[in-house]
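1. how does the following fold in three dimensions:
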Amino acid sequence: MLTSYLTVNPQGKSEMTVQKSRFITYVKRTETEEEARTFIAEIKKEHWDASHNCSAYMIGENDLIQKADDDGEPSGTAGVPMLEVLKKRKLKDTCVVVTRYFGGVKLGGGGLIRAYSSAASAGIKETGVVERRLASIGTAVFDYTLLGRIENEIRSSTYILKDISYGEKAAVTCWIAAGEENNFEQWLMNLSGGRVNITWNGSGYLETSKPSAENQRE
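-> Below is the predicted model:
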């Protein structure tokens, strides 16, 4: 598993007009090629009367699945520029569909490339980019006399409090960045004077929004 990577929020949409043509961009996080194809089919069904429904997606940890579709636009003027936007921004598991309603003014090859690139970028900006970081899930169990201190210290630390449960003893569950597990254990042991029992419950990804300025460069 990757320790961190960039992707988009679950789904988003934007719209722009270029030389009287209407460009509607749909963006979705898709973790399999089947999800991407289904998403594209849904947009095509919704906009069956559009001039074009062009698409691009990148799937997988190592971007092994990549596809671009011009959907009737001149070869290389729509899907490929959209795919390039995904590549330059290093977005994984992301699918973009740009629907175009022709406005009567031909844009030419260069104009189409700029329009579809801009439409993809606008859609991604509107949807939002997130960084997903791999983290372990650790649970610490201890006497209630320690709860106030441990909770306060966790909230002011780099560890992220996930849950507090109240049973025979207090239990706090935290997200700990991959590779920091030993440091977390030692930190809690020092904080509690060794009066804590720690168990590990798998791992997952934590998501953090990335400032849009970092993801607006072509």
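
2. check which helices and strands whatever helix or strand Tyr57 lives in sits against.
-> Secondary structure from DSSP states H and E places Tyr57 in strand 52-59. Packing partners of strand 52-59 (3 or more Cβ pairs under 8 Å, 6 or more residues apart in numbering; DSSP states H and E): helix 33-46, strand 65-69, helix 79-88, strand 94-101. Backbone N, C-alpha and C define where each C-beta goes, glycine included.

3. angle of the helix or strand Ala120 falls within against strand 94-101?
-> Ala120 belongs to helix 108-127 when assigned by DSSP H and E. Between helix 108-127 and strand 94-101, the angle comes out at 120 degrees (axes from the mean of the first three to the mean of the last three Cα atoms, to 10 degrees).

4. hmm, who's touching stretch 61-78?
-> 1-2, 5, 33, 36, 40, 51-59, 79-80, 82-83, 87, 92, 98, 100, 109, 112-113, 116 (Cβ atoms under 8 Å, 6 or more residues apart in numbering).

5. show me what the helix or strand containing Thr17 pairs with in its sheet, parallel or antiparallel.
-> Using DSSP H and E, Thr17 falls within strand 11-18. In the sheet, strand 11-18 lines up against strand 21-29 (antiparallel) (DSSP bridges).

6. the strand it pairs with: which residues count as buried?
-> Ser21, Phe23, Ile24, Thr25, Tyr26, Val27, Lys28, Arg29 (16 or more other Cβ atoms under 10 Å).

7. skip the chain neighbours and tell me the closest residue to the first one.
-> What sits nearest to Ser21 in space, not counting adjacent residues and going by Cβ to Cβ, 6 or more residues apart in numbering, is Gly103, at 4.0 Å.

8. doesn't that neighbour belong to a helix?
-> No: under DSSP: H, G, I helix; E, B strand; the rest coil, Gly103 falls outside any helix and is assigned coil.

9. contact partners for it?
-> Applying Cβ under 8 Å, 6+ apart, the residues contacting Gly103 are Thr17, Gln19, Lys20, Ser21, Arg22.

10. ok, it to Met58 distance?
-> According to Cβ to Cβ, to the nearest Å, Gly103 stands 30 Å off from Met58.

11. same check, this time on Lys169
-> Distance from Lys169 to Met58, by Cβ to Cβ: 46 Å.

12. how about Gly202?
-> 27 Å.

13. who's more crowded, the two?
-> Using other Cβ atoms under 10 Å, the more surrounded residue of Gly202 and Met58 is Met58, with 23 against 7.

14. quick check: bridge partners of that one?
-> Gln66, Thr94.

15. per-residue confidence for it?
-> Listed pLDDT for Met58 reads 98.
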